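Engineer: Need coordinates for the following:
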Amino acid sequence: MTFALLAAACAAQAIPSEVAAQEQFYEKRVREAPTADLWQRLGLTRHLQNRYRDAIPAFREAVRLDPNLWTAHLFLGIGLYRTNDFPSSLASLENAEKLAPMGHAGRDEIDYWLGASRIALKQPLRGLQDLERLLARNPTNLDALELATQTYIDLGTNLWNEVAEETFETPQGYEIHGHALEDGQNRIGALEAYRMSLALDPKRAGPRLAIARILLDEAKPAEALALLKEELALSLDPTAFLLAGRAAAQTGGRANAQRWLTEAKQWPATRTDASKALADLGPR
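Structural biologist: All right, here's what the predicted structure looks like:
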């Protein structure tokens, strides 16, 4: 069975009773003629019912009979990931990666689940490499975009916390302190900390965005917009596009607002807010 057929089956809105009937059919077939392809098909019928633990033995049998059946390695890896066996998932997906034809559409799935497995195994940099390879081929893959964005956020937060614990009086340390003060509803103190961070390293992305967010909340869009324009020269953070779009809309810069909000709409983390802001702009 080709990956195209497997993918089509996964994408189809199959009627549960029909999938269950297919499962019974392939259970009978593998007893009569236990081929790798039939075991793979049986595994797929269980996979489509989200019965990953039941699908795993079928895919294992498929790869035992045909170690070069890369699609079975892929679906086995997905099932193992779904059942939280991340080391085994990674091993199966690495096999799929080695065996899958170069340029095949199925490599998007391989790279996504490789990335997800490595991130689950606390290997975020390796996982991000897999996701970035996928996004270089297919930049509109929303699942990969969302996972990569969240991983970057988590990785950055962990690094910031480590820096803050070791050296408070640094640009990073002051920025983290600012977030803590802001969480405690101390906006004046937070602004002071963010501005200290910015003063210590004016070329660093981050503090301007935090300051601009507070300024927007305080109905100071012109001041916020000036900072956000500088931020966008340093960073492609989707939140910067969102806030810049809002600030531009409030200061009469409709064209810039449209452009920046449209960019923010492409990212999962800011899509909903950007869509609402675009709708608030109204027709041209």
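
Engineer: When you work out contacts or count neighbours from here on, use the C-alpha atoms and nothing else.
Structural biologist: Will do.

Engineer: Tell me how far the nearest residue to L198 once chain neighbours are set aside lies from T251.
Structural biologist: Nearest residue to L198 in three dimensions, chain neighbours excluded: P207, at 5.7 Å (C-alpha to C-alpha, 6 or more residues apart in numbering). Distance, P207 to T251, using C-alpha to C-alpha, to the nearest Å: 22 Å.

Engineer: Comparing those two, which residue is more hemmed in?
Structural biologist: P207 (28 against 14; other C-alpha atoms under 10 Å).

Engineer: Does L131 touch E146 like I think?
Structural biologist: No - the pair L131 and E146 fails to qualify as a contact (C-alpha atoms under 8 Å) at a distance of 10.2 Å.

Engineer: Just want to know which of these two has more residues nearby.
Structural biologist: The neighbour comparison of L131 against E146 (other C-alpha under 10 Å) goes to L131, with 25 against 14.

Engineer: and the helix or strand where the more buried one lies, which residues are buried?
Structural biologist: L131 is part of helix 124-137, with elements assigned from DSSP states H and E. The neighbour-count check on helix 124-137 (16 or more other C-alpha atoms under 10 Å) flags 124, 126-135 as buried.

Engineer: what helix or strand is F241 on?
Structural biologist: Under the criterion of DSSP H and E, F241 resides in helix 238-250.

Engineer: Need the three-state assignment for the residue nearest to T149 when sequence neighbours are not counted.
Structural biologist: The shortest distance from T149 to any non-neighbouring residue, by C-alpha to C-alpha, 6+ apart, is to A269 (7.9 Å). For A269, the assignment made with DSSP: H, G, I helix; E, B strand; the rest coil gives coil.

Engineer: A269: what's it in contact with?
Structural biologist: By C-alpha atoms under 8 Å, 6 or more residues apart in numbering, the residues touching A269 are 146, 149, 238.
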